[in-house]
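> sequence first, predicted coordinates after that:
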Amino acid sequence: MTDLTPDLLGADVLLLVPDAVLTPDGLMDGYAAVVAEGAFASVGRAGQLERTYPHLVPVRLPGHVLMPGFVDAHHHLTQSFGSALAFGEPSEIFRRVWVPLEGALDEESAYAAAKLAALESLRGGFTTVADAGTRAAVDLEAVASATRDAGIRCVLGLVCNDADTGTASALPNAEKHLARYADDDLVHPSLAISIPEAATADTLRDTARLAAEAGAVVQIHVNEHLAGVERSFVGHGMRPLEYLYQVGALGPQLLAAHATLLTPAELTLLADTGTAVSYNPVASAWKGNAVAPATTMAERGIRFGLGTDGTRGDAFRLVEAAEFAQRITYGLATGDSSCGAGWTWLERGGPGGADAVGLGARTGRIADGLAADFLLVDVSGPEMQPTWDLPWELVRRGNRDQISAVFVAGRLRLWRGWPVDWDGPAFVRRAAELGREAVRRASVTRVHPTSTEARAQAQAQAQARSAAR
């Protein structure tokens, strides 16, 4: 074990010397990184950097890998109080759970919900989250402040739905939002539309234009469930991606969340337009109808990252789910025992995700000049020893307990799972209180019993069958 302590990692300028660095060219043994002013000042051979920076005391990290922080390409930060309410529920639960829950949030509870989600994400190895917009009737600064205070980078979506409002405020509000956070260090503005049917054709087209001009993304749930595809047929006579293409909303500025149930023609639309996708495998398993064809998208050159959809903020379990879902859904049927060969999911969980959310030039890689958003992962334990293929082992065997440190913008944010500059446990206790109050206020409707109730029902049914025999 190493004698590494958080005190060693708090300097403004750091020369970090781990066993290996996960670079864009792969895992490099004997590499080091210099962190200064929130970015990587230099990445290269350890000996060379020690000679180039003789005034810096090397922080040696035996047993550790320095790797990019993960990017959650699809989250709902203000839904954290109700995450477990989705268990056992059928698809399209937003009407019964998320809409009433977010509607019950005030400024304090929205802030707490978002900060709770941000803390969980940091603990799980995410240094960036893309929030797809909240329905809470609060100033979005509550969410922005929560992510800043937690210390995570956030792509913050403003919901621009206008199909049912009959107002013309969506575009002026979008412009204000893009300008409000244009120069923020950690909060990056984004626009969001819940589903294609939630906005007028003009707004779909105009938000795409505004985002493209601002270098931002528009987040839209597309092909999440079969019901969504059918709604599009009824309303527009075509599939969702076909409709978005017709109105001029496809393109590099679009981040299509979920993108399951894709036809060959829709895959071609994604590839030809440069549209990005958030592949959300855990959401598919917990509450979806299908799994996005991610290995096919990778082969076709379609841009995509990985998203949690707010299910659980655990990056290592997310990349494992990304591979597992492809193997079960597509690999077994075709005899593909590789399903991305491990490296695909690390790539899509980091740099691919950063690109998908519009931050590819800022974060997602360990490289000179990029933001120092990274993890120090302890690989000295039994999970990784002996090691034969560390990148693939990180996908299949890595876990968040191995994350010693989480850095965002060059600052140590978490040490062994907890914040270094604010009281995480006390905040979690307060957030739990606010969460219980918010759920009590909300008119949440569940159609599936809790696990305890389901077990009792199963036992009662078994006893009734036994008595009838």
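Yep, that arrived. Only a predicted model underlies this, so the values are computations on that prediction, with no experimental measurement involved.
> number of residues surrounding Arg416?
A count of neighbours around Arg416, defined by other CB atoms under 10 Å, yields 14. (Each C-beta comes from the backbone N, C-alpha and C, glycine too.)
> check Ala405 too.
23.
> residue contacts, it?
Leu4, Pro6, Leu9, Leu375, Leu376, Leu412, Leu414, Trp415, Arg416 (CB atoms under 8 Å, 6 or more residues apart in numbering).
> please identify which helix or strand holds it.
Ala405 belongs to strand 403-408 when assigned by DSSP states H and E.
> centre of the chain versus that strand, how much separation?
17 Å (CA atoms, centre = their mean, to the nearest Å).
> for Thr167, give me the pLDDT.
In this model, Thr167 is scored at 69, pLDDT.
> hmm, back to that, and the contacts of Ala405, which of them are buried?
Among the contacts of Ala405, those scoring as buried are Leu4, Leu9, Leu375, Leu376, Leu412, Leu414, Trp415 (criterion: 16 or more other CB atoms under 10 Å).
> pairing partners for the strand holding Ala405, with directions?
Taking DSSP bridges as the criterion, strand 403-408 forms sheet pairs with strand 374-378 (antiparallel), strand 411-415 (antiparallel).
> switch these over to a markdown table; also include mean pLDDT and distance to Glu224.
A markdown table is the format used below for the strands paired with strand 403-408 (pLDDT from 0 to 100; distance: least, CB to CB, whole Å):
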| stretch | mean pLDDT | distance to Glu224 |
| --- | --- | --- |
| strand 374-378 | 98 | 30 |
| strand 411-415 | 98 | 31 |
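> dump those strands into CSV; add distance to Trp422 as well.
Listed next are those as CSV, based on distance: least, CB to CB, whole Å:
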stretch, distance to Trp422
strand 374-378, 20
strand 411-415, 10
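> looking at these, which is closest to Gly288?
Closest to Gly288 of the strands paired with strand 403-408, according to CB to CB: strand 374-378, at 28.2 Å.
> surely Asp139 meets Glu107?
Yes: counting by CB atoms under 8 Å, Asp139 does reach Glu107; the two are 7.3 Å apart.
> which one of the two is surrounded by more residues?
Neighbour count, other CB under 10 Å: between Asp139 and Glu107, Glu107 has more, with 14 against 11.
> so that one is in contact with Val138, correct?
Yes: the criterion here is CB under 8 Å, and Glu107 meets it with Val138 at 5.1 Å.
> where does the protein have low pLDDT?
1-2, 166-167 (pLDDT under 70).
> with Arg436 as the reference, name the closest of the strands paired with strand 403-408.
Closest approach to Arg436 among those is made by strand 411-415 (25.5 Å; CB to CB).
> domain map for the chain?
6-68+366-419, 70-356 (automatic domain parsing).
> ends of the longest one, what's the gap?
Looking at domain 70-356, the gap from its leading to its trailing residue is 13 Å under the measure CA to CA, to the nearest Å.
> quick one: distance of it to the chain centre.
Distance of domain 70-356 from the chain centroid (CA atoms, centre = their mean) equals 8 Å.
> just the first one next, same as before
In terms of CA atoms, centre = their mean, the gap separating the centre of domain 6-68+366-419 from the centre of its chain is 21 Å.
> shift numbering so it begins at 662
Got it, the first residue is 662 from now on, which makes the last one we talked about domain 667-729+1027-1080.
> can you give me the end-to-end distance of that domain?
11 Å.
> stretch 938-950 now?
One end of stretch 938-950 to the other measures 17 Å (CA to CA).
> any buried residues in it, and which?
By neighbour count with 16+ other CB under 10 Å, stretch 938-950 contains the buried residues Val938, Ser939, Tyr940, Asn941, Pro942, Val943, Ala944, Ser945, Trp947, Lys948, Gly949, Asn950.
> and what of stretch 810-827?
Of all the residues in stretch 810-827, those buried under the rule 16+ other CB under 10 Å are 810-824.
> tell me where the stretch 862-1011 of the chain has helices.
Here the stretch 862-1011 of the chain has its helices, by DSSP state H, counting those that start in this stretch, at 862-875, 887-897, 901-908, 925-934, 942-948, 955-961, 976-987, 993-995, 1004-1010.
> how much space between the most centrally placed residue in the chain and Ala944?
By CA atoms, centre = their mean, the chain has its centre lying nearest to Asp733, at 1.4 Å. Separation of Asp733 from Ala944 (CB to CB, to the nearest Å) stands at 12 Å.
> shared neighbours, those two?
Counting by CB under 8 Å, 6+ apart, the residues touching both Asp733 and Ala944 are Gly968, Thr969.
> how about the helices of the stretch 862-1011 of the chain, which one is nearest Gly708?
That would be helix 1004-1010 among these, by CB to CB, at 26.5 Å.
> give the buried residues for that closest one.
Thr1005, Trp1006, Leu1007, Glu1008, Arg1009, Gly1010.
> what of stretch 695-703?
Here stretch 695-703 shows Val695, Val696, Ala697, Ala700, Phe701, Ala702, Ser703 as buried, counting by 16+ other CB under 10 Å.
> so what's the fifth one bridging to?
Put plainly, it is Phe701. If you apply DSSP bridges, the partners that Phe701 bridges to are Val696.
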